[in-house]
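Asker: below are the sequence and a predicted model; questions follow.
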Amino acid sequence: MQILKPLLLLLLLTLFGAAAFVWSGVYYPGADRPHWPLTHALLQFTRERAIEHHAAAIALPANLNDPQLILKGAGQYAAMCTSCHLAPGMKDSELRPGLYPLPPNLSVVHVDPREAFWVIKHGIKMSAMPAWGPSHDDATIWSMVAFLQKLPEMTPAQYKAMVAKAPPDEDMAPMDGATMSAPGGHTHSGHAHAGD
């Protein structure tokens, strides 16, 4: 019982200190200054474990190697992902250097398909990774996952050729209904694929 009072006092002082720190506004929230190494390691470990946990029960579809699914995913990736995650032959983008944490370069790293599906669908809080689930159905998200399994082995020429053959992206139609033409005369509703 005697130890309870000091522990309670310590807990109250810790809560008060944390509240005072938050209220003071001294925390620097800018993306141009990284976290302390310990904070970064803790957040990264927490994020990775959480994604593994939430993605573990996802059932993989049987058609991840379907060429048409991969082709659709190529168009989706080129339209929505290259500014942050790059493509074969891309060294950087205008957006990427200002992001913290820096998104992985998916043209050179392999990702677990379950985890990729979960992250694409739900996004990641306090990062630039949006949740595509509200605007894209699961089949479309699986097409991106299928494409990601092939991306690290692609040359820049193979990537460009695949994107040029990708089907039009009906999810990305512009407000005015205009169409754009990508290299090779490949027309897309509402967007030209980035990196072309």
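Answerer: Structure received. A quick note: this is a predicted structure, and the numbers were derived from the prediction, not measured.
Asker: can you give me the helices in the chain?
Answerer: Here the chain has its helices, by DSSP state H, at 4-24, 37-55, 67-80, 82-85, 113-122, 138-150, 156-165.
Asker: could you give the mean pLDDT of the fifth one?
Answerer: Per-residue pLDDT values across helix 113-122 average out to 98.
Asker: just the fourth one next, same as before
Answerer: Computed over helix 82-85, the mean pLDDT rounds to 97.
Asker: buried set for that helix?
Answerer: Neighbour-count burial for helix 82-85, counted by 16 or more other C-beta atoms under 10 Å, picks out Thr82, Ser83, Cys84, His85. Placement of C-beta: from N, CA and C, glycine included.
Asker: mind putting those into TSV with distance to Leu43?
Answerer: Shown next, in TSV, are these (distance: C-beta to C-beta, whole Å):
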residue	distance to Leu43
Thr82	25
Ser83	23
Cys84	18
His85	20
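Asker: let me know the closest of those to Ala31.
Answerer: Cys84 (12.9 Å; C-beta to C-beta).
Asker: test my guess that that closest one contacts Ala128.
Answerer: Yes. Using C-beta atoms under 8 Å, Cys84 makes contact with Ala128 at a distance of 6.1 Å.
Asker: quick check: neighbours shared by those two?
Answerer: Leu99, Pro103 (C-beta atoms under 8 Å, 6 or more residues apart in numbering).
Asker: what about the chain, any weak spots by pLDDT?
Answerer: Residues of the chain meeting the criterion pLDDT under 70: 1, 170-196.
Asker: any idea which residue sits dead centre in it?
Answerer: Met129 (4.2 Å; C-alpha atoms, centre = their mean).
Asker: once you drop chain neighbours, what's closest to it?
Answerer: Once flanking residues are discounted, Met129 sits nearest to Gly123: 5.0 Å by C-beta to C-beta, 6 or more residues apart in numbering.
Asker: so what's Ile124 up against?
Answerer: With the criterion set at C-beta under 8 Å, 6+ apart, Ile124 makes contact with Arg47, Ile51.
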